[in-house]
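[1] Next comes the sequence, and after it the predicted model I'd like to discuss.
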Amino acid sequence: MKKEDFDVFGVSVETVKNKNEAKVIQFMRELIPQFPEFDYCTICIQDVYALSLNQLSPRYIQAGTIVLRKELKDEDYRDVVENSIEQVIKNKNHP
Ligand SMILES: [Zn+2]
């Protein structure tokens with residue numbers, strides 16, 4: 001997305017990022033290498049990412065402040081990402 005896509009009435013909300021996205025990326029990098037069956041193709045990597053995010057409700061971080069609701073622990077993210085990797089390996093979206 002371009003910088004102006006984040007503009008709302010002249011205020012940039014670009015610094016507000018979804019915390020789940022960062023956590024899912026972090027745990028995908030850590031956990032995927034533990035699955036030798038994973039093929040590292042674009043479709044499978046994007047499937048794991050989407051599947052993981054769909055299982056997590058959005059959490060947004062504002063620069064400086066953290067919007068806290070029920071905080072998820074790293075173990076929760078780990079479980080979700082691990083589960084998604086296993087599902088994608090079992091049900092590949094391509095031959
Ligand atoms: Zn694949």
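    Yep, that arrived.
[2] Near the ion, which residues of the chain? Just list them.
    Within reach of the ion by CB under 5 Å from the ion, the chain has these residues: 39, 41, 44. (Glycine included, C-beta is placed from N, CA and C.)
[3] Pull out the buried residues from stretch 34-41.
    Phe38 (16 or more other CB atoms under 10 Å).
[4] Now that stretch - C-alpha only, PDB.
    Extracted in PDB, the C-alpha atoms of stretch 34-41 (Å, rounded to 0.1, in the frame of the first residue of the first chain):
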ATOM      1  CA  GLN A  34      10.700 -27.600  12.100                       C
ATOM      2  CA  PHE A  35       8.500 -29.200   9.500                       C
ATOM      3  CA  PRO A  36      10.700 -31.000   6.900                       C
ATOM      4  CA  GLU A  37       7.500 -31.700   4.800                       C
ATOM      5  CA  PHE A  38       6.900 -28.000   4.200                       C
ATOM      6  CA  ASP A  39       7.600 -27.000   0.600                       C
ATOM      7  CA  TYR A  40       8.200 -23.300   1.000                       C
ATOM      8  CA  CYS A  41       6.200 -22.400  -2.000                       C
END
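[5] Any figure for the gap between Leu51 and the ion?
    Distance of Leu51 to the ion, given as CB to the ion, to the nearest Å: 13 Å.
[6] Excluding covalently adjacent residues, which one is nearest to that residue?
    Ser84 (4.0 Å; CB to CB, 6 or more residues apart in numbering).
[7] Check the contact between Phe27 and Glu75; I expect there is one.
    No: at 10.2 Å, Phe27 does not count as touching Glu75 under the criterion of CB atoms under 8 Å.
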